[in-house]
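Student: turn this into a model:
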Amino acid sequence: MADWSPWQYLKFEDERTRPAAELLARVPVMRPRRVLDVGCGPGNSTGLLAARYPQAEIVGIDSSPEMIAAARKRLPSADFRVADIEDYVPATAFDVIFGNAVFQWVPDHLAVLVRLFATCPPGGALAIQVPDNRNEPTHMLMAAVARGGPWRERFVEPIRRDAIPPPVEYYDRLKPLAASVDVWHTTYYHVLAGPEAIVEWVRSTGLRPWLDRLDARERDAWLAAYTERIAESYPPLVDGRVMLRFPRLFVVAVRG
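Tutor: A predicted model of the protein is given here:
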């Protein structure tokens, strides 16, 4: 997969950062010594952590060198490292492990969460948020457009993205290590300029594996077909804008 684009991702920085802020508000740890931002991206979530915990050592990891470069420029005081989340093991314990919209990309991420949570000291916290939007038109139409055009042979091999487990699975997997596990679901309704804005939103995230299968000419035609279908599924509001429904799952576990 091509590297992530910090510029594309930050087109909707306010909307993307809001769930991170709401997740952080529910973390009960008050004065951690060390804080880890997993999948830190361009550092927008890391900035929230640094503002809440100015006394803490803040470390951000991401598999994308471009995202890490952008994060270092944004927040020079933090320690940013390129690392693969799937097999990352902290050399020293973190009192807070934070992951905003990243674990949906990690295969068998419940096992990874349990492994990371086990490294927290008693009273430490694991806090994550994942998009739960596979059944939204934005994502269902990706497969529909892939099947319906001259590029269909490019998608004979399925695009893999694991389903988000139900809330009870997060509770059951984390509770044996936890004093408490808080799980909740929030659906956001983002008002955007038009269907093209919805396409730009997903272009930096869920759309990337689909576009990576196409050459430049196919990509333009595919995006045009996808945008047309998005416009049909997200009709204009009274002011001409559109509303993007975006469900997300949140989990905060405190180590026992």
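
Student: remind me, longest helix of this protein?
Tutor: Within the chain, and with DSSP state H defining each element, the longest helix by residue count is helix 216-233.

Student: chain center to that helix: distance?
Tutor: For helix 216-233, the separation from the chain centroid amounts to 23 Å (computed by CA atoms, centre = their mean, to the nearest Å).

Student: contacts for it?
Tutor: Defining contact as CB atoms under 8 Å, 6 or more residues apart in numbering, one finds that helix 216-233 is touched by 137-138, 141-142, 144-146, 148-151, 154, 194-196, 198-199, 203, 207, 210-211, 214. For the C-beta atoms, the positions are set from N, CA and C on the backbone; glycine is no exception.

Student: mind checking which of the residues you listed are buried?
Tutor: Neighbour-count burial (16 or more other CB atoms under 10 Å) applied to the contacts of helix 216-233 gives 137-138, 141-142, 145-146, 149, 151, 154, 194-195, 198-199, 203, 207, 210-211, 214.

Student: can you tell me which of those residues end up in helices?
Tutor: For those, membership in helices holds for P137, T138, L141, M142, V145, A146, P195, I198, V199, R203, W210, L211, with DSSP H as the criterion.

Student: pLDDT and distance to D87 for those - can I get that in CSV?
Tutor: Compiled in CSV, these are given as follows (pLDDT from 0 to 100; distance: CB to CB, whole Å):
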residue, pLDDT, distance to D87
P137, 98, 35
T138, 97, 30
L141, 97, 33
M142, 96, 28
V145, 96, 34
A146, 94, 30
P195, 97, 39
I198, 95, 34
V199, 96, 33
R203, 89, 28
W210, 95, 26
L211, 94, 27
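
Student: what is the nearest of those residues to L36?
Tutor: The nearest member of those to L36, counting by CB to CB, is R203 at 28.2 Å.

Student: could you find the closest non-adjacent residue to R154?
Tutor: Distances taken as CB to CB, 6 or more residues apart in numbering place R213 nearest to R154, at 4.4 Å, with adjacent residues excluded.

Student: count the neighbours of the one you found for me.
Tutor: Burial measure for R213: 16 neighbouring residues, criterion other CB atoms under 10 Å.

Student: again, but for the one 10 residues further on
Tutor: Taking other CB under 10 Å as the neighbour definition, L223 ends up with a count of 19.

Student: could you do T205 as well?
Tutor: The tally of other residues near T205 (other CB under 10 Å) stands at 19.

Student: sec struct for it, please.
Tutor: Reduced to three states with DSSP: H, G, I helix; E, B strand; the rest coil, the structure at T205 is coil.

Student: next up, the contacts around the residue most central in space within the chain.
Tutor: With distances taken as CA atoms, centre = their mean, the chain has A101 as the residue nearest its mean C-alpha position (1.8 Å). Residues touching A101, when contacts are defined by CB under 8 Å, 6+ apart, comprise R16, P19, A20, G39, Q129, V130, P131, T205, R248.

Student: tell me the buried residues in the helix or strand containing the first one?
Tutor: Looking back up the chat, that one is R16. Counting by DSSP states H and E, the secondary-structure element that holds R16 is helix 13-24. Buried residues in helix 13-24, counted by 16+ other CB under 10 Å: R16, T17, P19, A20, L23, L24.

Student: contacts only, for the residue lying closest to the second one once chain neighbours are set aside.
Tutor: Nearest-residue entry for T17: N44, 4.9 Å, with adjacent residues in sequence omitted and distances by CB to CB, 6+ apart. For N44, the set of contacting residues under the criterion of CB under 8 Å, 6+ apart consists of L10, E13, R16, T17, A20, R74.

Student: okay if I get those as CSV plus pLDDT?
Tutor: Formatted as CSV, the entries for those read as follows, by pLDDT from 0 to 100:
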residue, pLDDT
L10, 52
E13, 77
R16, 84
T17, 89
A20, 95
R74, 95
